[in-house]
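K.L.:
Got a sequence here, can you build the structure:
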Amino acid sequence: MTKVMKAPPSEPAVSGSRLPLEPELADANEVYARLGIKRGLLYKLEDEGEIKSIVLKRRNYAKGKRLFSMPSIRQFLAKCQEAS
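P.N.:
Numbers count the residues shown, from 1 in each chain. Reported below is the predicted structural model:
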């Protein structure tokens, strides 16, 4: 008889919650899924210096992957909440 071993969970639970911890960086789709902020607004806020982002791309490649800083988005949202 073969023993079947269970794999450990891929994401740790937080205080009984099943929600994964917030990532440091997220692409536009992930930000939209978590916060409801659309890609166009993310790019506008990044252009205005309100939030931070980085682009991951290989050398000599035209395209890359833009990742937005979740802490900078949270700071921007907190600033907007204070202003209202």
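K.L.:
contacting residues for Cys80?
P.N.:
Residues in contact with Cys80 (Cβ atoms under 8 Å, 6 or more residues apart in numbering): none are found. From N, CA and C alone the C-beta is placed, and that goes for glycine too.
K.L.:
How about the one helix or strand it maps to, which residues are buried there?
P.N.:
Per DSSP states H and E, Cys80 falls inside helix 70-83. By neighbour count on 16 or more other Cβ atoms under 10 Å, the buried set for helix 70-83 is Met70, Ser72, Ile73, Phe76.
K.L.:
for the chain, what spans make up the helices?
P.N.:
Secondary structure of the chain (DSSP state H): helices located at 28-35, 39-47, 70-83.
K.L.:
how about the ones you listed, which one is nearest Arg58?
P.N.:
Evaluated over these, closeness to Arg58 peaks at helix 28-35, with 19.9 Å, by Cβ to Cβ.
K.L.:
who touches the closest one?
P.N.:
Under the criterion Cβ under 8 Å, 6+ apart, residues Glu22, Pro23, Ala26, Ile37, Lys38, Arg39, Leu42, Arg66, Phe68, Met70, Ile73, Leu77 lie in contact with helix 28-35.
K.L.:
what sits against the residue most central in space within the chain?
P.N.:
Taking Cα atoms, centre = their mean, the centroid of the chain lies closest to Ala26, which sits 2.5 Å from it. Ala26 makes contact with Arg34, Leu67, Phe68, Met70, according to Cβ under 8 Å, 6+ apart.
K.L.:
ok, now Pro71?
P.N.:
Taking Cβ under 8 Å, 6+ apart, we find Pro71 in contact with Glu24.
K.L.:
For the residue nearest to Phe68 when sequence neighbours are not counted, the count of nearby residues, please.
P.N.:
Residue nearest to Phe68 in three dimensions, not counting chain neighbours: Ser53, with 4.6 Å by Cβ to Cβ, 6 or more residues apart in numbering. Look at Ser53: counted by other Cβ atoms under 10 Å, it has 19 neighbours.
K.L.:
Can you tell me how far Ser53 is from Glu82?
P.N.:
According to Cβ to Cβ, to the nearest Å, Ser53 stands 23 Å off from Glu82.
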